[in-house]
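K.L.:
give the three-dimensional model of this entry:
(one chain, ligands or ions: 1)
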Amino acid sequence: MLYCPKCQLLISDSSQRCPFCGSKKLRKPEPEDPALLITADENKTRAIEAVFKENKIIYRKRIAKGFVGLNKLNFGKDYLTNYNIFVSYGDIENCSELLHGAGIVDEVNKQNENNGSEEEFEDMSPRKRFFWRTFSAILFIIVVWIVVFAADYVVDIIKEILKKL
Ligand SMILES: [Zn+2]
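P.N.:
Predicted structure coming up:
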């Protein structure tokens, strides 16, 4: 196991560079080193914090960059915030077991499923991504317009029927 002190990230031995910052200054982790345990959404973070407080685990959380993939289509609503949760390297094993035991995470140290779709999304070229975002926005407006129009139409029909009564 290697450690990037800049990102506070644990990296597999086979890696030459930190996948986040590209740094080659990796070293063996020390027990006191803060290390990224998991990236979790707000709900999961709350559950994890409850477990940590109960077990007196010292942790730090920071808002993670990037958003949950699906929420890109969450028109008008707030984005869900993801948090990176750090614990001492020496506590990682223990924390992992605690979170497993509490049924909060299936696999600690792996990013949650939502980030998988994010990566897929990032694979697209910026132009393609822009196209899909614009396309989804337009599609959404069209759907809303159809629903409003259909509702109007139905109300008119009902009015006509009532008039005839
Ligand atoms: Zn790094």
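
K.L.:
where does this protein dip in pLDDT?
P.N.:
Counting by pLDDT under 70, the chain contains low-confidence ranges at 66-80, 106-124.

K.L.:
which parts of it sit against the ion?
P.N.:
Residues of the chain found near the ion (Cβ under 5 Å from the ion) are 4, 6-7, 18, 20-21, 23. (Glycine included, C-beta is placed from N, CA and C.)

K.L.:
what residues sit buried inside the longest helix that the chain contains?
P.N.:
In the chain, with assignment by DSSP state H, the single longest helix is helix 126-164. By neighbour count with 16 or more other Cβ atoms under 10 Å, helix 126-164 contains no buried residues.

K.L.:
with stretch 97-104 instead?
P.N.:
So stretch 97-104, judged by 16+ other Cβ under 10 Å, has buried residues 98-99, 104.

K.L.:
wasn't A47 part of a helix?
P.N.:
Yes. Counting by DSSP: H, G, I helix; E, B strand; the rest coil, A47 is part of a helix.

K.L.:
so how far is K53 from it?
P.N.:
Distance of A47 to K53, given as Cβ to Cβ, to the nearest Å: 11 Å.

K.L.:
got it, and A150?
P.N.:
When distance is defined by Cβ to Cβ, A150 is 51 Å away from K53.

K.L.:
what of D91?
P.N.:
14 Å.

K.L.:
okay, those two: which has more neighbours?
P.N.:
Using other Cβ atoms under 10 Å, the more surrounded residue of D91 and K53 is D91, with 21 against 10.

K.L.:
residues in contact with the more buried one?
P.N.:
Shown in contact with D91 (Cβ atoms under 8 Å, 6 or more residues apart in numbering): 57-58.

K.L.:
swap in L10?
P.N.:
So, once contact is read as Cβ under 8 Å, 6+ apart, L10 ends up touching 1-3, 29, 35-36, 89, 92, 109.

K.L.:
and those residues, which of them are buried?
P.N.:
Using 16+ other Cβ under 10 Å as the burial test, the contacts of L10 include 2-3, 29, 35-36, 89, 92 as buried.
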